[in-house]
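# sequence unknown, structure follows:
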């Protein structure tokens, strides 16, 4: 009996001690919960206030800072034609100490008089210094005081990558100094402006999601350092976020000719017409290759004709570089070749693979 009483007393005492310790832990946990709730409440209140002062930064540069830095370099281009008036955008560039305005050829084509208006509202007469309709570029000289010109820096577009953020600044629908942002959606596109370029495509074009509208044409496409990587030139009608820009590499390649000669005549000419290859085209032709550019026309007497290129030949490469479609063909020709150069065409003809040298000529 004595041992039983001692055992019972031990159990009771142990239960009391365990209960007391558990109670203390519960009190501590409740204190911690109260403290956390107080901290959360404080953070929530701070967050509500901080939302009023958010500034978006990229590479430690605010978009507002970029705009304030470059807006005075973007101009409104106004032209008079035999049927009315036209309006577009442009930007200031310093070419070897001479201040110029760069814009699109289609903005000033057919104009009998032109003017340029700066962001401060001051307008001046402008003259066309040089144009290239095949790249949709035009250079203007402006009769304005030196103090009006705030030139932008042009950097090479060859470093651009799909997904990189870009900025477009221009005058859509006459809304002067409008800024939009987006990304590089694609590179190496081709577009056709049949009213100006005939059957020739404008090659090596940048596609961007930055909204572009009528009046933006000729304005700069900028990176997030505020430097020019292209010049906005076209949209697909009724599309959303599908705009195009001539790359800065093209501007840098041509500007010496445009300023000093008034034209650019170094576009290479192959003398063929064609369509993109596809699985269905391969099935129709009975070939195994589903990429490349199918030749459907060879211009008599042209470089391709002299090189013995045939209709239904499939161009799959230039100098060993794979060409998968017409965009890549045109972009390669525009960026990496010049008239007079010998180019080796990698051809699939039926079951044969041929390497045919072609002497490129100037575009007629």
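Received it, and whenever you're ready, just let me know what you need. A quick note: this is a predicted structure, and the numbers were derived from the prediction, not measured.

# thought residue 309 was touching residue 346?
No - under the criterion of C-beta atoms under 8 Å, residue 309 is not in contact with residue 346, lying 11.8 Å apart. C-beta coordinates here come from the backbone N, C-alpha and C atoms, glycine included.

# Those two: which has the busier surroundings?
residue 309 (23 against 19; other C-beta atoms under 10 Å).

# Give me the spatial nearest neighbour of that one, chain neighbours excluded.
residue 298 (5.6 Å; C-beta to C-beta, 6 or more residues apart in numbering).

# For the one you found, give me its contacts.
For residue 298, the contact set (C-beta atoms under 8 Å, 6 or more residues apart in numbering) comprises 271, 272, 304, 305, 309, 310, 311.

# try it again with 6 Å
Going by C-beta atoms under 6 Å, 6 or more residues apart in numbering, residue 298 touches 272, 304, 305, 309.

# One more: residue 133?
105, 196, 197.

# ok, the second one - contacts?
When contacts are counted by C-beta under 6 Å, 6+ apart, residue 196 is found next to 106, 133.

# what's the next secondary structure element after the longest strand along the chain?
Counting residues, the longest strand found in the chain (DSSP state E) is strand 178-191. As assigned by DSSP states H and E, the chain's next helix or strand after strand 178-191 is helix 194-197.

# Give me the buried positions along that next one.
Applying a neighbour-count criterion of 16 or more other C-beta atoms under 10 Å, one finds 196, 197 buried in helix 194-197.

# quick one: that helix to chain centroid distance?
22 Å (C-alpha atoms, centre = their mean, to the nearest Å).

# One more: stretch 87-106?
19 Å.

# For the remainder of this discussion, apply numbering that starts at 111.
That works, and once the first residue is 111, the last one we named lands at stretch 197-216.

# quick one: buried residues of that stretch?
Quick answer for stretch 197-216 (16+ other C-beta under 10 Å): 197-203, 205, 209-216.

# what's the first-to-last distance across that stretch?
Distance between the two ends of stretch 197-216: 10 Å, counting by C-alpha to C-alpha, to the nearest Å.

# Which ones among the buried residues of stretch 197-216 lie within strands?
197-203, 205, 209-213.

# want to try TSV for the residues you listed, with distance to residue 179 and pLDDT as columns?
Formatted as TSV, these follow (distance: C-beta to C-beta, whole Å; pLDDT from 0 to 100):
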residue	distance to residue 179	pLDDT
197	25	94
198	22	95
199	17	96
200	18	97
201	13	98
202	13	98
203	16	98
205	21	96
209	18	97
210	20	97
211	18	98
212	18	98
213	21	97
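
# Max pairwise distance over those residues: which two?
Spatial extent of these (C-beta to C-beta) is set by the pair 197 and 205 at 24.4 Å.

# I'd assumed residue 434 was in contact with residue 401.
Yes - using C-beta atoms under 6 Å, residue 401 is in contact with residue 434, at 4.3 Å.
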